[in-house]
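Visitor: turn this into a model:
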Amino acid sequence: MARLKALIARVRREGFSPTEFHRICVAALFFLGAIIVTGALVRLTGSGLGCSNWPTCSDTKLVDISSKHAAIEQINRFFTFVVGLAVILAALAALVRKPRRKDLTWLSLALVAGVPAQGLVGALVVWTDLHPAAVQLHMLLSLVLIALAVVLVVRSREPDGGRRVLSVPRRVRSAVWTVVVLTGLAVVAGTVVTGTGPHAGDEKARRFGFALTTVTRIHAVVVWIALFAALRLLWMLRNKPRDREELRTPLTVFLVALVVQGAIGYIQYEAKLPIGLVLAHIAGATVVFGVAVWLLTATMRVSLSTTETIDEVIAAARRRRGKKLA
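Guide: Numbering: from 1, shown residues only. All right, here's what the predicted structure looks like:
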């Protein structure tokens, strides 16, 4: 408790350092990703209507853990508050960060607005008895928040001054955009597959009226196209060492994640969609999309003037000195 009070006193006096703010942003990203997995678990265990009402669990009870399905749904709802606290902390940290930056403040506030928006979509899911379109919207909005959080994490590590410029030629950036758009389309197609398949959240829940085999093949084709687009980007960079260096890490991670994700997809389909593999596939989709956004952020960088570069070096040295004294 004493250490917490000392931390609060220091933050009120000095604000959060850029390093501390970055760590808070990483935590917010983690929790935003984790709730996608816990939400998927609700659906995969058939607990989507474990609570028949919202925000209360039922017409008569605020909290109800009398059944396994109700307990699972309640745990996921309570976890939403943890996510909310994480993004609120990120927003508050952005406001007291030294120095304060508008881009970080607006990104963190967008996350704060997104969490209650997700709650309202969650209510829509319950009120429509798990209509597949509402469930699909729930997932897609979650991925929008993941994208915002990834941008926030990346920018929280950038220098505070300077101006944003392209780090690669426009042709390369257009190729990256193609990869990101195709990845997004693959995720959308994946949500259609989920809304068509057996894991609708409840035995009585409605499904999309498509043939599961057809939508699964469409989803697979889009994933393959996204993979070929990423390989085309890799080929474009073969004689561009500077551009390749800028994109090397996120592009490598993306290719590995997409191949692993594709393998899980084929295995789960052949295994008749077991819960564990489907859950891994949903978690993988979140990772792949997040990495695609990271790849896009790598096409821009902050350009500092000579004076700004010197100021940045001095500020970093002061922060390191402050840590040693602490």
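Visitor: how about stretch 6-24: buried residues?
Guide: 11, 15-18, 20-22, 24 (16 or more other C-beta atoms under 10 Å). The way it works is simple: take the backbone N, C-alpha and C, and place the C-beta from them, glycine included.
Visitor: and the residues you listed as JSON lines, adding distance to Val181, secondary structure and pLDDT?
Guide: Shown next, in JSON lines, are the buried residues of stretch 6-24 (distance: C-beta to C-beta, whole Å; DSSP: H, G, I helix; E, B strand; the rest coil; pLDDT from 0 to 100):
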{"residue": "Val11", "distance to Val181": "40", "secondary structure": "helix", "pLDDT": "71"}
{"residue": "Gly15", "distance to Val181": "38", "secondary structure": "coil", "pLDDT": "76"}
{"residue": "Phe16", "distance to Val181": "35", "secondary structure": "strand", "pLDDT": "81"}
{"residue": "Ser17", "distance to Val181": "36", "secondary structure": "coil", "pLDDT": "87"}
{"residue": "Pro18", "distance to Val181": "32", "secondary structure": "helix", "pLDDT": "89"}
{"residue": "Glu20", "distance to Val181": "35", "secondary structure": "helix", "pLDDT": "90"}
{"residue": "Phe21", "distance to Val181": "30", "secondary structure": "helix", "pLDDT": "93"}
{"residue": "His22", "distance to Val181": "28", "secondary structure": "helix", "pLDDT": "95"}
{"residue": "Ile24", "distance to Val181": "30", "secondary structure": "helix", "pLDDT": "95"}
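Visitor: show me where pLDDT drops low in the stretch 201-326 of the chain?
Guide: 305-326 (pLDDT under 70).
Visitor: now swap in the stretch 1-150 of the chain and tell me
Guide: 4, 7.
Visitor: can you give me the helices for it?
Guide: 2-14, 18-44, 68-96, 102-127, 132-155 (DSSP state H, counting those that start in this stretch).
Visitor: for Ile264, which of the ones you listed is the nearest?
Guide: When the helices of the stretch 1-150 of the chain are compared by C-beta to C-beta, helix 18-44 sits nearest Ile264, at 13.5 Å.
Visitor: just the buried positions in the closest one, please.
Guide: Buried residues in helix 18-44, defined by neighbour count with 16+ other C-beta under 10 Å: 18, 20-22, 24-25, 28-29, 31-36, 38-44.
Visitor: out of the helices of the stretch 1-150 of the chain, flag the one nearest Leu279.
Guide: Leu279 sits nearest to helix 18-44 of all the helices of the stretch 1-150 of the chain, at 5.7 Å, using C-beta to C-beta.
Visitor: what angle separates that closest one from helix 102-127?
Guide: Comparing the axes of helix 18-44 and helix 102-127 via axes from the mean of the first three to the mean of the last three C-alpha atoms, to 10 degrees yields an angle of 10 degrees.
Visitor: ok, Gly162 touching Val302?
Guide: Yes - Gly162 is in contact with Val302 according to C-beta atoms under 8 Å; the separation is 4.3 Å.
Visitor: would you map the helices across the stretch 151-300 of the chain?
Guide: Using DSSP H, counting those that start in this stretch, helices in the stretch 151-300 of the chain cover 170-196, 212-236, 241-270, 275-297.
Visitor: format those helices as CSV; extra columns: distance to Arg100.
Guide: Formatted as CSV, the helices of the stretch 151-300 of the chain follow (distance: least, C-beta to C-beta, whole Å):
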stretch, distance to Arg100
helix 170-196, 29
helix 212-236, 36
helix 241-270, 28
helix 275-297, 21
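Visitor: any chance of those helices in JSON lines, plus distance to Glu203 and mean neighbour count?
Guide: Below are the helices of the stretch 151-300 of the chain laid out as JSON lines (distance: least, C-beta to C-beta, whole Å; neighbours: other C-beta atoms under 10 Å):
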{"stretch": "helix 170-196", "distance to Glu203": "15", "mean neighbour count": "19"}
{"stretch": "helix 212-236", "distance to Glu203": "16", "mean neighbour count": "17"}
{"stretch": "helix 241-270", "distance to Glu203": "20", "mean neighbour count": "17"}
{"stretch": "helix 275-297", "distance to Glu203": "14", "mean neighbour count": "21"}
